[in-house]
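[1] Please find the sequence and the predicted model below.
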Amino acid sequence: MERVRVKFIKSPTGKYKMAYNAGHVGLAPKDIAAELVREGYAEYVETTKVETKTNTEAETATNTAKKRTTRKSK
């Protein structure tokens, strides 16, 4: 079942029993998404590839050093 990303314009909770509020973005099965859009509850959202940042060795070393200096000794 293919799912598509939609942004809710109105809350679909009452009619569709979906736990979203207006303004939320979520995934819905393609056929249900089409009905949500047709009924004015949602609009399609274009998906884009999200770039994720990975920690560099320097950032990891800095974070580890911060953790060591913030611990309280007994």
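    Happy to help now that I have it. Residues are numbered from 1 along each chain as shown.
[2] So, low pLDDT: which residues of this structure?
    48-74 (pLDDT under 70).
[3] Which residue ranges of it form strands?
    Assigned strands in the chain, in chain order: 3-8, 25-29, 42-44 (criterion: DSSP state E).
[4] Let's have the ones you listed in TSV, adding distance to residue 15 and mean neighbour count.
    Bear in mind the C-beta positions are built from the backbone N, C-alpha and C, glycine included. Below are these laid out as TSV (distance: least, CB to CB, whole Å; neighbours: other CB atoms under 10 Å):
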stretch	distance to residue 15	mean neighbour count
strand 3-8	12	17
strand 25-29	13	15
strand 42-44	12	18
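[5] Show me the one of these that comes nearest residue 17.
    Proximity to residue 17 (CB to CB) singles out strand 25-29 among those, at 12.2 Å.
[6] circling back: could the strands of the chain go into CSV alongside distance to residue 17?
    Listed next are the strands of the chain as CSV, based on distance: least, CB to CB, whole Å:
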stretch, distance to residue 17
strand 3-8, 13
strand 25-29, 12
strand 42-44, 15
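[7] Select, out of these, the one closest to residue 16.
    In this view, those are compared for proximity to residue 16 by CB to CB, and strand 25-29 is the closest at 8.9 Å.
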